[in-house]
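Trainee: Here is a sequence with its predicted model. Questions after.
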Amino acid sequence: MKPPKARGNKVTRKTAAAEKRGTDRALAKLMVAAPVPVEPQAARAAVAEWLASVARSVPGKELKRLFAAHPVLTTAIESISESSPYLWELVRADPARLAGLLQAAPEERLKATLQGTFEAVASAKGEEKAMALLRGMKAEAALLIALADIGGAWPLPRITRALTDLADTAVRAAVRFLLRD
């Protein structure tokens, strides 16, 4: 890990991996807007409780750092906890996935997710494995696209294109898998 860097009166840490990914294009940094929770205290408490439950893990520490550095991200996650059970479950289920999404450039991460899953499904051994890969792709892409949408990182046409790319990739991968057998 790199030594802390002073920025004004704030100190931040950047990992070598985060620097390599290009933190200027990281989703967390691109988020510029977030809906305000209807009950902010309850939403804040839900997120704080979840963060405390993962605080000792590496992803938990990284998420805590990201939330401290990006208030818009924090507000977006609080809003999700309050108003979107599906997205909140995706956030809570896999802290490492969330940290990875937030630190990656969304365009590159979506492309890698779709391409990687398409290739993995093509070589999957059995229908159960192929279905699990497709569900994993859907979960990751859904969370990525939702965060880019909610956080104002992507305009509506880009969000629509991402959803279309997700659906197209899922159908192409499934058909290719079925035709292979």
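Mentor: That came through fine. In this text, all values refer to a predicted model and were calculated from it rather than measured experimentally.

Trainee: what ranges do the helices span in the protein?
Mentor: When secondary structure is read from DSSP state H, the chain shows helices at 16-21, 27-30, 40-54, 58-69, 71-83, 85-93, 95-103, 106-122, 127-150, 156-180.

Trainee: Serialize these to TSV and add fields for mean pLDDT and mean neighbour count.
Mentor: C-betas here are computed from N, CA, C, even on glycine. Conversion of these to TSV gives the following (pLDDT from 0 to 100; neighbours: other C-beta atoms under 10 Å):
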stretch	mean pLDDT	mean neighbour count
helix 16-21	44	12
helix 27-30	96	22
helix 40-54	96	15
helix 58-69	95	17
helix 71-83	96	21
helix 85-93	97	16
helix 95-103	97	21
helix 106-122	97	18
helix 127-150	97	19
helix 156-180	97	14
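
Trainee: contacting residues for the residue positioned nearest the centre of the chain?
Mentor: Among the residues of the chain, the one closest to the centroid is Leu101, at 3.4 Å (C-alpha atoms, centre = their mean). For Leu101, the contacting residues are Leu27, Arg109, Glu140, Leu143, Leu144, Leu147, taking C-beta atoms under 8 Å, 6 or more residues apart in numbering as the criterion.

Trainee: Apart from its neighbours in sequence, what residue is nearest Arg158?
Mentor: The spatially closest residue to Arg158, leaving aside those adjacent along the chain, is Ala148, at 7.6 Å (C-beta to C-beta, 6 or more residues apart in numbering).

Trainee: quick one: the residue nearest to Trp50 when sequence neighbours are not counted from Leu30, how far?
Mentor: Leaving out its chain neighbours, the residue that sits closest to Trp50 by C-beta to C-beta, 6+ apart is Arg92, at 5.6 Å. Arg92 is 23 Å from Leu30, where distance means C-beta to C-beta, to the nearest Å.

Trainee: and what of Leu98?
Mentor: Looking at Leu98 against Leu30, where the rule is C-beta to C-beta, the gap reads 15 Å.

Trainee: ditto for Ser81
Mentor: From Ser81 over to Leu30 the distance is 21 Å, taken as C-beta to C-beta.

Trainee: do the same with Leu133
Mentor: Here Leu133 is placed at a distance of 27 Å from Leu30 (C-beta to C-beta).

Trainee: just Leu143 next, same as before
Mentor: 15 Å.

Trainee: before we move on, what about His70?
Mentor: When distance is defined by C-beta to C-beta, His70 is 10 Å away from Leu30.

Trainee: swap in Val47?
Mentor: Val47 sits at a distance of 20 Å from Leu30 (criterion: C-beta to C-beta).

Trainee: What's the separation between the closest residue in space to Ala146 that isn't next to it in sequence and Leu134?
Mentor: The spatial neighbour of Ala146 that comes closest, neighbours along the chain excluded (C-beta to C-beta, 6+ apart), is Leu87 at 5.4 Å. The spacing between Leu87 and Leu134, counted by C-beta to C-beta, is 19 Å.
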